[in-house]
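J.: coordinates only, sequence not included:
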């Protein structure tokens, strides 16, 4: 079917198969490969993107369902002048990434959290990231990064 | 001041945080344009004969390029001849001979998930549909699922081998081993099977053009992968290029390239078409090698005043369907059996046994966490039996600091350490006495939420294959920049940052002018890569030594430029300027010196081998709350001292510790690969496999201790696996400690609510 959507601020038109998942559309059709596939049960969160500003697991959304909506991936997170989002900066400062495979999804989930709760507690951060798995960091520095982005930078907008 | 030991943020991060890195499935190389997708057809049965494979329907399906089975592998030679009997039992290599593992299964399948055929298709969706159309006839055989099943030998996985026991070593304790012991504790404990579960599963992309095979592999060791591919295909290694792009975690399960990866590379050569494969998580959880899977019989004896006199460890290693590691894991467990203790008599026995389950290989710690879990459980059982504080029992028996180098009774030569200092430090940092008081208070009040305090003291071995060495090459260019070619291979460890720090420290060339390249066999043909916490102490030291050689070359060149004696020259490692000692007016930059060096350039290649492995050590304290009414466990604190010698990148060393602690705690608390009686995986997706997540864990409390090793010039030991080695027993001991006042002495891992609840009820006689 034909779809028209906004991806990282640019309009995209495409003819997609009905069963095409949004994550595969993003990766294979748009070649935006930061969004990863880490499981096949919507459990790991590596494919997390923003759909109209809210985090979704893009393996659980059909490309067709994104018709008429706005998708943001980590490639579109920096502002127009290339300045990193506060969550990106905090992930670097706090060593929130190791192998990096979960990072895109983790960052997008954190951005979504902070847009809903600009000053979460540690427990709230941990709960919010329950659906995003990381095998390298033990979550310690990821949690620190999200807290740092909230305390020092406000809502992350 | 040297940059070493300071907090440096990573050079890897900008790419990860803006475009998400470039992992195998992200590659958009021209050679991979139009690459077909490989979809595996895997056995749904644990043990069966294959009596027929019908690919006709699948071949007719839309988009299908080929459907390939073992019968199509007629371009490959026979498997290598069996090794000499008993050769290399402790080498982490497939056993071969009658235990030979095929590429695609042809006569039998031995585990659910074993590759039987591949569908090569234009796209993955159509390929998955077509794979459903491949019809395989199976004649079921009795499955051998548990160790007890296997040990009866009533059904053999490899009839020609005559037994399910692939490797045996050691033996029972001497008859008089426990003479003189006033107290002996003995118990069978389980070190359960775990999924390695790197966030990126296995992935290979490959193409074959002009006689050259190029394979992009999600691997810890591009060069080993090339060696394996060359052997499998009978090719000259020079005809193969293996590239490790960004790799999304390995944890030991991505050493070299495994059977599935070889099949994908073969398909590219066979078809003359570029192909790619990135496994699904459901494939990953049944077909990537898994870890641990040992059963221990532990027996420990000593005096009533706390002196341990004798220890026997009997290891049974479930190696899954194929002995891919020979007896190596059980060997490492046996080698490290004595742990951090000075025990007069230690003996071990080990058997490595095949079962109709996913093959076992290295997983973060690879044999050492199992050793530590066994001895630390034994020490706690002993402490409970004699009614002594577990911290005190450990202190009495730890190897004394004046005994290094220490020949351990189980065969390792510990290089350096102060084990009691680590224990004292972690106990103080945790507030151990206060925690015990809090625990006593809760017990007196009859609080249903019990507090548990768990200890572990550990020593481990890193760069166990130190003599295998690692390569490093350093070039300084005319523009003053430098390039490092390292044999080590990063998959999250941040080698690019740390190696650049080493160059800046030695040469004064700033990190942002240092490019680090790894994992490309065309550029770095000779290397081993990463496993066993070997990178910094071998690959890092190789870079340091290459820097020294380059510095010597540069000094000669600068002397020529300045018409001065080499003895009068100095390099200011802060500014990166060469000058006649005390005369800044003579200063020459690296760019000037490198330019003057001319065609010969400034370049050094080092293959650094180390005389001996190193032995990091430490102590952990875990604090848990256990709801005695439901059995639910919450890890509330985890405090550690992990001494890995000199720390070069504290930020990343902490990161390594964090990740290891989480994986270690995950084993103690919740993760387990489970099979039913027929050998069907019960944890084949992330819905069922209880991978640890953020709400399951607290933030960790890390204490610092650095005892440099005399083994290498940097004074460094490995840090990558300390977390899983130290954390698992501390957390398990904490859970048991929480309910010890109810009479519980042991709970097997994972300490799930149902297990804890059952243990409490059993102790209460319910």
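T.: In hand now; what should we look at? Because the structure is a prediction, the values reported are computed rather than measured.
J.: give me the low-pLDDT residue ranges for chain B?
T.: B:80-89 (pLDDT under 70).
J.: mind listing what the residue in it that chain A sits nearest to touches?
T.: Residue of chain B nearest chain A, by CB to the nearest CB: residue B:20 (2.5 Å). C-beta coordinates here come from the backbone N, C-alpha and C atoms, glycine included. Neighbouring residues of residue B:20 by CB atoms under 8 Å, 6 or more residues apart in numbering or on different chains: A:33, A:34, A:35, A:36, A:74, A:75, A:100, A:103, A:104, B:26.
J.: Leaving out chain neighbours, which residue sits closest to it?
T.: Closest residue to residue B:20 apart from its sequence neighbours, by CB to CB, 6 or more residues apart in numbering or on different chains: residue A:34 at 2.5 Å.
J.: Can you get me a residue count around that neighbour?
T.: 27 (other CB atoms under 10 Å in any protein chain shown).
J.: pretty sure it is touching residue A:74, no?
T.: Yes: counting by CB atoms under 8 Å, residue A:74 is a contact partner of residue A:34 at 4.7 Å.
J.: any residues in contact with both of those two?
T.: With CB under 8 Å, 6+ apart as the test, residue A:34 and residue A:74 both reach A:104, B:18, B:19, B:20.
J.: Got a quick PyMOL command for the buried subset of these?
T.: A single PyMOL command selects the buried members of the shared contacts of residue A:34 and residue A:74 (16 or more other CB atoms under 10 Å in any protein chain shown):
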select buried, (chain A and resi 104) or (chain B and resi 18+19+20)
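J.: want to throw the shared contacts of residue A:34 and residue A:74 into a markdown table with secondary structure?
T.: Formatted as a markdown table, the shared contacts of residue A:34 and residue A:74 follow (DSSP: H, G, I helix; E, B strand; the rest coil):
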| residue | secondary structure |
| --- | --- |
| A:104 | helix |
| B:18 | helix |
| B:19 | helix |
| B:20 | coil |
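J.: now the shared contacts of residue A:34 and residue A:74 as a markdown table including distance to residue B:615?
T.: Putting the shared contacts of residue A:34 and residue A:74 into a markdown table (distance: CB to CB, whole Å) gives the following:
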| residue | distance to residue B:615 |
| --- | --- |
| A:104 | 38 |
| B:18 | 40 |
| B:19 | 40 |
| B:20 | 38 |
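J.: Geometric centre of chain A: which residue is closest?
T.: residue A:108 (2.6 Å; CA atoms, centre = their mean).
J.: give me every residue that touches that one.
T.: Contacts of residue A:108 (CB under 8 Å, 6+ apart): A:48, A:49, A:50, A:55, A:72, A:73, A:74, A:77.
J.: pretty sure it is in a helix, no?
T.: Yes: with three-state DSSP as the criterion, residue A:108 is part of a helix.
J.: quick one: contacts for the residue nearest to it when sequence neighbours are not counted?
T.: Leaving out its chain neighbours, the residue that sits closest to residue A:108 by CB to CB, 6+ apart is residue A:48, at 4.4 Å. Residues near residue A:48 by CB under 8 Å, 6+ apart: A:35, A:55, A:56, A:57, A:58, A:104, A:105, A:106, A:108, A:109, A:112, A:132.
J.: can you tell me the helix or strand for residue B:391?
T.: For residue B:391, the host element (DSSP states H and E) is helix B:390-397.
J.: Over to residue B:51?
T.: Here residue B:51 sits within strand B:48-54, counting by DSSP H and E.
J.: same thing with residue B:749?
T.: Residue B:749 belongs to no helix or strand, assigned by DSSP H and E.
J.: any idea how far it lies from residue B:735?
T.: Per CB to CB, to the nearest Å, residue B:749 is found 9 Å from residue B:735.
J.: Just want to know which of these two has more residues nearby.
T.: Just comparing residue B:749 and residue B:735: by other CB under 10 Å the higher neighbour count belongs to residue B:735, 29 against 26.
J.: Give me the three-state assignment for that one.
T.: Residue B:735 - assigned by three-state DSSP - is helix.
J.: swap in the one 10 residues further on?
T.: Here residue B:745 is recorded as coil under three-state DSSP.
J.: Next: the one 10 residues further on.
T.: Under the three-state scheme (three-state DSSP), the conformation of residue B:755 reads as helix.
J.: Kindly provide the distance from the residue nearest to it when sequence neighbours are not counted to residue B:703.
T.: Distances taken as CB to CB, 6+ apart place residue B:747 nearest to residue B:755, at 5.6 Å, with adjacent residues excluded. Separation of residue B:747 from residue B:703 (CB to CB) stands at 28 Å.
J.: And residue B:134, by the same measure?
T.: Relative to residue B:703, residue B:134 is positioned 56 Å away (CB to CB).
J.: which of the two has more neighbours?
T.: Applying other CB under 10 Å to residue B:134 and residue B:703 shows that residue B:134 carries more neighbours, namely 22 against 18.
J.: Quick one: the strands in the stretch 201-350 of chain B, in order.
T.: Ranges of strands in the stretch 201-350 of chain B, per DSSP state E, counting those that start in this stretch, are B:203-209, B:212-217, B:240-243, B:275-278, B:290-302, B:308-318, B:345-353.
J.: and if you look at chain A?
T.: Secondary structure of chain A (DSSP state E): strands located at A:2-7, A:10-15, A:48-51, A:54-57, A:70-72.
J.: could those strands be laid out in a markdown table, adding mean pLDDT and distance to residue B:728?
T.: Listed next are the strands of chain A as a markdown table, based on pLDDT from 0 to 100; distance: least, CB to CB, whole Å:
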| stretch | mean pLDDT | distance to residue B:728 |
| --- | --- | --- |
| strand A:2-7 | 98 | 44 |
| strand A:10-15 | 98 | 48 |
| strand A:48-51 | 98 | 30 |
| strand A:54-57 | 97 | 31 |
| strand A:70-72 | 98 | 39 |
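J.: most packed of those strands?
T.: strand A:48-51 (a mean of 26; mean count of other CB atoms under 10 Å in any protein chain shown).
J.: Partner strands of that one and their direction?
T.: Counting by DSSP bridges, the strands paired with strand A:48-51 are strand A:54-57 (antiparallel), strand A:70-72 (antiparallel).
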